[in-house]
Structures are given as structure tokens and as C-alpha cells.
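Student: Sequence and predicted structure, then a few things I'm wondering about:
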Amino acid sequence: MLIPFSRKNCFQLLCNLKVPAAGFISTVKSGLILQSVSNDVYQNLAVEDWIHDHMNLEGKPVLFFWRNSPSVVIGRHQNPWQECHLNLMREAGVKLARRRSGGGTVYHDMGNINLTFFTTKKKYDRMENLKLVVRALNAVQPQLDVQPTKRFDLLLDGQFKISGTASKIGRTTAYHHCTLLCSTDRTLLSSLLKSPYQGIRSNATASIPSLVKNLLESDPTLTCEVLMDAIAAEYAAYHQIDNCISLINPTDETLFPGINRKARDLQTWEWIYGKTPKFSINTSFNVLHGQSHLEVKVFIDVKNGRIELCNIEAPDHWLPLEIRDKLNSSFIGSKFCPIETTMLTNILCRTCPEDDDLHSRWNILCENIKGIM
Ligand SMILES: Nc1ncnc2c1ncn2[C@@H]1O[C@H](COP(=O)(O)OC(=O)CCCC[C@@H]2CCSS2)[C@@H](O)[C@H]1O
């Protein structure tokens with residue numbers, strides 16, 4: 001990829017600084033346009049946290065561009081089992097991240113641009129930011145019909161969503177972040193954002209699905225680089241700052257002291273799954289027994305991502321009551337997660353009577369339970 005002159009220039013400027021780089025970041029004069037060199041969703045979300053927590057944005061707004069390798073990003077108060085196809089994501093190596101802002105679930109890949117507009121709380125204005133993006137899009141392609149909606153989405157041709165918005169408002173500073181679909185894999189997007197898990201009840205925020213489209217499908221010249229350059233130019237003109245994009249490395253502790261810790265926190269099971277609002281599952285599956293099918297019912301309550309209550313109901317002749325009771329009680333307190341369940345059920349299985357038939361039923365049951373995680 002060719003780095004435009006303005007980007008390379010700024011990067012060199014940042015690298016050649018004599019003063020500590022963190023000093024540079026926090027002593028910005030009038031505004032700054034940053035772009036991450038990382039495609040790691042946790043590292044990029046950590047940059048947002050860092051700027052939000054450490055920068056004085058008074059009179060110095062910041063625009064941050066970032067792109068990620070394939071990831072699903074859920075809102076702060078969402079339930080990943082309700083929002084996405086976790087099994088498919090594991091198979092396809094797609095990361096799951098929980099962001100600090102509210103709202104719905106989106107899919108990211110290198111064809112999706114994320115924009116974060118950092119301001120003081122007073123200057124926070126999502127519509128103003130979206131209008132700026134629309135002006136930038138129309139500057140490169142005047143024929144594009146893009147409009148912001150009341151929900152702060154951007155719609156192409158009045159019906160296709162090309163951008164979704166979320167925000168975080170702190171005590172003094174705030175950020176508005178949004179996506180921009182340029183050339184994302186739409187097939188993967190829609191298959192990953194469909195939950196196969198049945199019978200979940202919760203008060204978690206639900207996403208609002210839309211028809212989506214990529215800008216590149218309307219005009220093949222609208223690559224991510226072209227779009228970022230156009231938005232940067234519009235932002236620079238609006239804020240009367242240099243049209244210069246500074247490349248930043250989100251693992252650079254000299255620039256962002258403490259940032260790697262923030263990225264690690266965002267990657268923990270406790271944050272991604274453990275912050276899911278309390279939910280319950282009421283489902284069932286059929287198992288083959290001789291020539292007929294039997295129904296196994298499952299009721300599970302999950303709090304902080306851990307099983308608080310478990311009730312597996314199956315006919316006694318298929319699974320003896322004492323074994324079911326053992327399974328139900330040993331699940332309590334464990335993570336609602338297939339890896340932990342595999343470990344737990346393997347250990348428990350060794351305590352079962354040595355009976356091949358029983359072991360095979362046990363395996364069927366455990367595979368089905370893991371299938372709902
Ligand atoms: N990347 C992307 N861009 C736009 N729309 C998308 C995207 N991925 C999925 N969707 C569609 O939006 C809905 C969810 O819409 P919903 O309105 O529920 O949620 C959002 O829009 C949240 C936007 C969060 C933006 C943050 C910015 C940086 S980190 S993530 C989903 O079901 C799809 O139909």
C-alpha cells in the first residue's frame with residue numbers, strides 16, 4: 001500500500017520527536033487526525049479508552065481512524081449469544097469484542113472504516129460529525145445519495161445502511177464513533193450476526209438489523225484509503241487544522257503509557273462474556289434412543305457469564321437421576337463456555353459407572369449442551 005505523502009510525513013514527525021511522545025499527544029495545539037497502524041480490535045478499542053481517559057480535548061478535537069481484522073463488536077449492554085453466531089465465529093477465527101459504548105452489534109473487517117470523534121462533552125455533536133462525513137463523501141462522489149437518520153445511521157439511496165453510530169459520554173469528555181462500510185464481506189456479516197441459540201430471555205440491548213451495502217458497490221473508486229483521505233480533508237478544513245494524518249502504534253507505551261494493560265483488559269473473558277446482563281435459557285433438544293426420539297429439556301440461568309442455576313431434564317431410563325443431579329449441581333458457578341464445559345464434563349464422566357452405552361449418551365448430552373454455548 002502506498003502511504004500518501006501527508007501520512008508518511010506525520011509518522012516521521014512523530015518518530016523523530018525529541019520530547020516524549022506522550023507529551024506530544026497531550027500538548028496538541030488545535031486538533032489532531034490519527035490513524036492506527038494496528039488491525040487488532042482490542043488494541044484499537046484501547047486507544048479510544050486511553051484518549052478518553054488521558055487527553056485534554058478542550059479546543060483540541062481528535063479524529064481517529066481504525067480498521068480491524070474480522071471481528072464482531074457488541075455494545076456494552078448486549079448478550080453475545082443473542083447477537084451472534086459464536087460457533088461460526090470460532091470456526092472462522094473471527095474475534096469477539098465488547099466495546100464501552102452502548103448500542104447494537106456490528107461486523108468489522110478491513111473493508112470497514114471506524115471513525116472516532118473525540119471532543120469535550122460540550123462540543124459533542126453526532127449529527128455535525130455525520131454531516132461532515134456526508135460532505136466528504138459528496139466531495140469525492142457528488143452523485144452519492146447519503147443521508148443521516150434520526151438514529152444516527154447513514155443511509156445510502158434511502159434504504160441501505162452504510163454506517164452505524166454509538167457513543168460514550170464521560171464527565172468532561174465524550175466520543176462518538178461510527179462505522180463506514182466500504183468493501184466489507186456482506187455474506188459473512190449477515191451470517192455471523194444471526195444467532196442460532198434458541199430460548200434466551202434477557203433484558204440486554206437488542207440490535208436493530210438493517211439492509212447494508214458497501215460504498216464500493218456504488219462506485220469502485222471509493223476505496224478505504226480514498227474515503228479516509230476525503231474525511232480527513234473535510235475534518236481539517238472544518239477545524240482549521242493541518243490536513244495531516246498521524247499514524248500511531250497502539251502498543252507504544254511511550255506514546256500511550258498504560259495502553260497495553262487497557263488492551264489486555266478488553267480481551268479478558270470477564271469483560272467480553274462476564275459483562276453480559278443476566279439471562280436465562282429455556283430450550284430442548286431431541287436425542288435418539290433405540291428407534292425413537294426423546295426430548296431433553298434444559299433450563300439455565302446465567303449471571304456474570306457463569307451458570308447460576310442448571311436444570312437438565314431427561315427421562316430416567318435414558319440418563320439416571322443421580323447422574324443428572326450430579327451434572328446439574330457441578331455446572332453451578334462454571335463459565336457458560338464450551339471449553340470449561342468440556343473440561344468439567346470430561347472430569348465428571350470419569351466418575352460415572354463404566355458403561356459404554358451410558359458414556360455414549362453422556363457424550364451426546366454434553367455435545368448438545370456445548371452447542372448452546
Ligand atoms: N460495520 C457495519 N456498519 C454498518 N452497519 C452494520 C455493520 N455491521 C452490521 N451492520 C448492520 O447494523 C445492524 C446493527 O445496528 P444497530 O443500530 O443495532 O447497532 C449499530 O449500528 C452499532 C454501531 C456501533 C459502531 C461502533 C463504532 C466503532 S466500534 S462499533 C446489524 O444488524 C447490521 O444490519
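Tutor: Looks like it arrived, so ask away.
Student: how deep is the nearest residue to Leu86 once chain neighbours are set aside tucked in, by neighbour count?
Tutor: In space, and not counting its chain neighbours, Leu86 is closest to Pro80: 6.3 Å by CB to CB, 6 or more residues apart in numbering. For the C-beta atoms, the positions are set from N, CA and C on the backbone; glycine is no exception. The tally of other residues near Pro80 (other CB atoms under 10 Å) stands at 23.
Student: same question, Asn346
Tutor: Per other CB under 10 Å, the neighbour tally for Asn346 reads 11.
Student: Name the secondary structure element that contains it.
Tutor: Assigned by DSSP states H and E, Asn346 belongs to helix 338-350.
Student: Likewise for Val133?
Tutor: helix 126-140.
Student: coming back round to it: so what does the helix holding Asn346 touch, helix or strand wise?
Tutor: In terms of contacts (3 or more CB pairs under 8 Å, 6 or more residues apart in numbering; DSSP states H and E), helix 338-350 is packed against helix 321-331, helix 356-370.
Student: To Leu211, which of those helices lies closest?
Tutor: Among these, the nearest to Leu211 by CB to CB is helix 356-370 (33.4 Å).
Student: picking up where we left off before, what would the helices and strands packed on helix 338-350 look like in a markdown table with mean pLDDT, mean neighbour count and distance to Ile339?
Tutor: As requested, those are exported to a markdown table (pLDDT from 0 to 100; neighbours: other CB atoms under 10 Å; distance: least, CB to CB, whole Å):
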| stretch | mean pLDDT | mean neighbour count | distance to Ile339 |
| --- | --- | --- | --- |
| helix 321-331 | 92 | 16 | 14 |
| helix 356-370 | 89 | 15 | 9 |
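Student: closest one to the ligand among those helices?
Tutor: Smallest distance to the ligand across the helices and strands packed on helix 338-350 (CB to the nearest ligand atom): 25.9 Å, for helix 356-370.
Student: Can you name the residues in contact with the closest one?
Tutor: Taking contacts as CB atoms under 8 Å, 6 or more residues apart in numbering, the residues outside helix 356-370 that touch it are 285, 287, 296, 298, 312, 314, 318-320, 323, 327, 338, 341-342, 345, 349, 352.
Student: Quick check on these: which are buried?
Tutor: Restricting the contacts of helix 356-370 to buried positions leaves 285, 287, 296, 298, 312, 314, 318-320, 323, 327, 338, 341, 345, with burial counted as 16 or more other CB atoms under 10 Å.
Student: Pick out the most distant pair among those residues.
Tutor: Most distant of the buried ones among the contacts of helix 356-370, by CB to CB, are Pro320 and Pro338, 24.6 Å apart.
Student: Up against the ligand, what does the protein have?
Tutor: Listed as neighbours of the ligand in the chain under the rule CB under 6 Å from any ligand atom: 73, 99, 103-108, 112, 114, 161, 163-166, 177-179, 181, 189, 193, 207-210, 212.
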